[in-house]
Every structure is written in structure tokens, then in C-alpha cells.
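> take a look and give me a structure for this.
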Amino acid sequence: MLRILFGIEGRIGRRNYWLAIIGQWTILLGLFFAFSSALVAILSIIGIDLNQGAENVNLAELDDRESAVAGGVGIAAIIFLIFVLGLSLYMGIAAQVKRLHDMNMSGWLTVINFVAVPISSALIASDPANGPIAFFVMLMPIGLGLACGFFPGTFGEK
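You can find the predicted model right below:
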């Protein structure tokens, strides 16, 4: 499973592609759940309650220790978010590249996922009448993901 999630070399079929996507989301949800639980526990230790119905926290009323912990938790949350998003991006790219290889296509087609938003934004900024074209461009990454998930691969060695 680690080769499927983290390796870019080789080929994977449709079943392993879907397993990789499900595995990716399972890992990400587990990391977010663990981190959010730790975050709530740390904040409750210093007296900040995030439960519904709790009073709003006035940051000016926190003492130096509480402010330092809250600031450290904020920085840790940002670092964790960058790490998890990077990990998710890499796992998605790795699965899609291997699936494209199985379909006898270049893995460079994953670039479509990154250029669709800037191209659509530029089209709409240049002329709002380009909205339908921009919408089509935004559908291209979705189509690529669905093609990877549903189209059969090629047989034999690549």
C-alpha cells in the first residue's frame, strides 16, 4: 500500500487507484481527527473551552503563559496543515501518475490539475463572457480523475 500511495514509478489498475484514493482520505481524516483532538485537549488545559455554548475567549484576558501556548498551538496548526496538504497532494499525484501510466498516457497530464484554476481565472478576468469556457476548463481535472477511475488500462508491459 505504501508503494501505491508514495511511489511514482510503475502502474496501477482501477481497483488500486480507488483504494489509493480511499486510503489517502482515510489517512487525512485520521490525521485531522487526531490533531483536532489534541488541539482541544491542549486548549482545555489552559482554560480555553471550544465547546458549544462556551463564552467567547477574550485574548486580552489571557496571561503570558496562556498566550504563549495559544500562539504555539496556532503555529503548530499552520505547520500541520501545510504538512497534511502537501502529503495529500503528493499521494494524489502519485496515484494519478501511476494510473495514467497504466492507461499508456504520460504522467505529465496531472499538470492539468494545477493549471485549470489559473487559466479559468484569467479567462474570466479578461472577459466575463468567457464564463462557459472557464467552466469547461475547470471540469478538466474532474474529468481526468474520473477517467483514471473508470477507463480500463492497457495490457502488457509499458
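> quick one: the strands in this structure, in order.
Taking DSSP state E, the chain contains no strands at all.
> lowest-confidence helix or strand of it?
Least confident element among the helices and strands of the chain, by mean pLDDT, DSSP states H and E: helix 2-6 (a mean of 76).
> other SSEs contacting that helix?
Applying 3 or more C-beta pairs under 8 Å, 6 or more residues apart in numbering; DSSP states H and E, one finds that helix 2-6 makes contact with helix 14-45, helix 64-102. Bear in mind the C-beta positions are built from the backbone N, C-alpha and C, glycine included.
> can you redo the ones you listed as JSON lines with distance to residue 108 and mean pLDDT?
Formatted as JSON lines, the helices and strands packed on helix 2-6 follow (distance: least, C-beta to C-beta, whole Å; pLDDT from 0 to 100):
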{"stretch": "helix 14-45", "distance to residue 108": "18", "mean pLDDT": "86"}
{"stretch": "helix 64-102", "distance to residue 108": "9", "mean pLDDT": "85"}
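> can you tell me which of the ones you listed is packed in deepest?
helix 64-102 (a mean of 16; mean count of other C-beta atoms under 10 Å).
> for that one, packing partners?
Judged by 3+ C-beta pairs under 8 Å, 6+ apart, the packing partners of helix 64-102 are helix 2-6, helix 14-45, helix 131-150.
> tilt between it and helix 14-45?
180 degrees (axes from the mean of the first three to the mean of the last three C-alpha atoms, to 10 degrees).
> closest one to residue 109 among the helices and strands packed on helix 2-6?
Of all the helices and strands packed on helix 2-6, the one in closest proximity to residue 109, counting by C-beta to C-beta, is helix 64-102 (5.6 Å).
> next one: stretch 95-107 to chain centre, how far?
How far stretch 95-107 lies from its chain's middle: 19 Å, per C-alpha atoms, centre = their mean, to the nearest Å.
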